[in-house]
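Undergrad: Sequence and predicted structure, then a few things I'm wondering about:
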Amino acid sequence: MTKSMRSPLARPLQYVALLAYMCFLAFPLVFLLTTAFKTDREIRSPDPSFLPQSLNFDNFTAAIERADLFRAAGNSLLTAVTTTVIVTAVSLPAAYALVRFRTKLRAVATGWILLSQVFPFILIIIPLFLLLKNIGLVNTLLGLVLVYAVWALPFALWMLQGYVSAIPVELEEASAVDGAGRFKTLVRIVLPLLAPGLVATSLFTFINSWNEFFFALVLIQDPDMQTLPLALARFVGAEGQVQLGPLAAAALIACLPSLVFFMLIQKRLTAGLLSGAVKG
Amino acid sequence: MTALAAPAPPRRRRRSTEGRDAWLLVLPALLPVMLFSVYPLVYGVLLGFTDAEAGLNVETHFNGLDNYTALAGNELFWNSFKIGLIWAFSVTILQFLASLGLALLLNLNLRLRWLARTLALIPWAMPPVIIAIMWQLMLNPNYGPVNRTLESLGLPSSINWLGESAIALPVVIVVGVWAGMPQTTITLLAGLQSVPAELNEAAAIDGATTWRRFWHVTLPALRPIITAITTLDLIWNFNSFALVFVLTAGGPGGTTMLPSLFAYNEAFRYGNFGYAAAMGNVMVILIGAFLFLYLRAQMRSRTS
């Protein structure tokens, strides 16, 4: 604090700027939160108060009682969990191999991750749609899981590589010298050290599938199969304009998993969770 | 899995078996990626040279550059392309400036810094669809807090923010900046923290003002990170879809019709797969060319 010897105004100005940023970034969510607890009368009142008059959960029950939203949440959960399990199971051995055996594959994989970012999704979605249609997987959650898993894999690999490289190879060599087989070494030595990275990677995969919209929009037309983001987007277009309270409540429920996740990893994120992965 | 169970071979034999083991471990990841992402991508690029249409029993033929000559005269597409460029550049530049300011503040020893850092992550934690819904509520012409605040200040307050063609694009850009600030801020903050404090202290001892230290010490040190994050932001923004699709669906009157929305409509509303893929190809080539020039310019100025 003693450092600010320059202008006496600098510090207060910095606080004002910080406050402005915080309002800009947090206000929309705070507003969503308060709206979700307000009655329709309060929302439409000509003289609205910022905070709801009482904590009533009517909007939440109204949102949950809607069969389509409830089913959509189930679909989203099923899709995201399956995707996460597949991606984790497949990317763990692959990430290990890419780091420990120095093959050209690693450069190729990194190149692919970067390349896949540049291409507009329209180029990928048309062939995917045709491909899934041919094998009868359009309008199924399985088709969606396949697509999500494939598009989550490169990033999961990339993240996990960073965590694998952080484990000193000497530990494994010592274990091998002690006579442990490679499999035993992997389970006893590598896996426990990799656990935090594995958790972060799978949570990341889960959140990305839970939030995904574009692929679902194209691949799912059957209302019974739609995921939560799809159902919500449809809800906005349809009666959402009249049912502002339930809309806010449903939106809040839908972003709850990612909000909780980001709060959990918040410290690591600011400390450079991703920069750790880059170093790998 | 048998490869995993094999005991560690002695050093000499290791080289030859390593390659095989690596392939066995990587294959389960490689196969689906090849089938469901590399193959579709190649297929998609090729589709751009065909007359493919949606529907059963429609035959597809290569039609050379027909799609591109048709596209060259398609004013609606180029208009949408222009909107896409305005959107991508405005969002990227504003996002960068806003995030740099926030990152500099978060790097100071201010009180409540931990709270600000947590809050700064909020937009990142929200799916684009929810962000769009939330901002629709914020900007609701009758009940939204934005108009209500204007009203209480005695200003014009019946503005239909997302429904008027003159202001819809700027409004959508502001929402885009909001949505993308966390990634940029966190990246820049990480960069700021890796700038050696000694550099700044040395400059301060030499009598450099805060502004001069920022301009001559901090900014040059941040340069590689700035290049990386603005490049990524530009690509992401140019290709972004869900946020604007839910906010305005391209309206009013096509004033927010990003190229990704335009191509989506062409493909899945009108069923012109080949033509839509051609639009995708044009987007890749133009954005790729721009990135090439930008990155080359950055490299050159760094070596000089």
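TA: Now that the structure is in, tell me what you want to look at. Since the model is a prediction, treat every value here as computed from it, not as a measurement.
Undergrad: any idea how far residue B:76 lies from residue B:270?
TA: Residue B:76 is 12 Å from residue B:270, where distance means CB to CB, to the nearest Å. C-beta coordinates here come from the backbone N, C-alpha and C atoms, glycine included.
Undergrad: same question, residue B:48
TA: 16 Å.
Undergrad: Can you get me a residue count around residue 237?
TA: As the question left the chain open, I've gone with chain A. 11 (other CB atoms under 10 Å in any protein chain shown).
Undergrad: my question was about chain B
TA: Neighbours of residue B:237 using other CB under 10 Å come to 23.
Undergrad: same check, this time on the one 10 residues further on
TA: For residue B:247, the neighbour count with other CB under 10 Å is 25.
Undergrad: now residue B:201
TA: Other residues close to residue B:201 by other CB under 10 Å number 12.
Undergrad: contact partners of the host helix or strand of it?
TA: Assessed by DSSP states H and E, residue B:201 sits inside helix B:197-205. Contact with helix B:197-205 is made by B:212, B:213, B:216, B:217, B:218, B:221, as judged by CB atoms under 8 Å, 6 or more residues apart in numbering or on different chains.
Undergrad: Wasn't the fourth one part of a helix?
TA: Meaning residue B:217. Yes: remark: residue B:217 belongs to a helix, assigned using DSSP: H, G, I helix; E, B strand; the rest coil.
Undergrad: Chain A contacts on the stretch 201-304 of chain B?
TA: By CB under 8 Å from any CB of the partner chain, the residues of the stretch 201-304 of chain B that approach chain A are B:210, B:232, B:235-236, B:238-239, B:241-242, B:245-246, B:259-260, B:263-264, B:267-268, B:273, B:276-277, B:279-281, B:283-284, B:287-288, B:291.
Undergrad: Show me which of residue B:48 and residue B:270 is the more surrounded one.
TA: Ranked by neighbour count (other CB under 10 Å), residue B:48 and residue B:270 place residue B:48 first, with 25 against 12.
Undergrad: Which strand or helix spans the spatially most central residue of chain B?
TA: Residue closest to the mean C-alpha point of chain B, counted by CA atoms, centre = their mean, is residue B:236 at 1.5 Å. Element membership for residue B:236 (DSSP H and E) is helix B:219-239.
Undergrad: which secondary structure elements does the helix or strand just after that helix contact?
TA: As assigned by DSSP H and E, the chain's next helix or strand after helix B:219-239 is helix B:242-247. Judged by 3 or more CB pairs under 8 Å, 6 or more residues apart in numbering or on different chains; DSSP states H and E, helix B:242-247 is in contact with helix A:228-235, helix B:128-138, helix B:168-193, helix B:259-268.
Undergrad: Minimum distance to residue A:33: which of the ones you listed has it?
TA: Across the helices and strands packed on helix B:242-247, residue A:33 has its closest neighbour in helix B:128-138 (10.1 Å, CB to CB).
Undergrad: Work out the gap between the closest one and the centre of the chain.
TA: 18 Å (CA atoms, centre = their mean, to the nearest Å).
Undergrad: Just the residues contacting that helix, thanks.
TA: For helix B:128-138, contacts defined as CB under 8 Å, 6+ apart pick out A:28-29, A:31-32, A:35, A:211, A:213, A:229, A:232-233, A:236, A:240, A:244, A:247-248, A:251, A:254-255, B:123, B:126, B:143-146, B:162, B:175, B:178-179, B:240, B:242-247.
Undergrad: Show residues contacting the next helix or strand after that helix.
TA: Heading C-terminal from helix B:128-138, the first helix or strand you meet, by DSSP H and E, is helix B:145-152. Under the contact criterion CB under 8 Å, 6+ apart, helix B:145-152 has outside partners A:27, A:31, A:48, B:138, B:139, B:140, B:141, B:156, B:157, B:158, B:159, B:161.
Undergrad: same check, this time on stretch A:208-222
TA: A:76-77, A:79-80, A:83-84, A:121, A:125, A:128-129, A:132, A:138-139, A:143-144, A:147-148, A:151-152, A:155, A:226-230, A:233, A:257-258, B:127-129, B:241-242, B:245-246, B:264, B:268.
Undergrad: Can you list the buried residues in that stretch?
TA: Residues A:208-220 are the ones in stretch A:208-222 that count as buried (16 or more other CB atoms under 10 Å in any protein chain shown).
Undergrad: Out of those, give me the two with the largest separation.
TA: Most distant of the buried residues of stretch A:208-222, by CB to CB, are A:210 and A:218, 17.8 Å apart.
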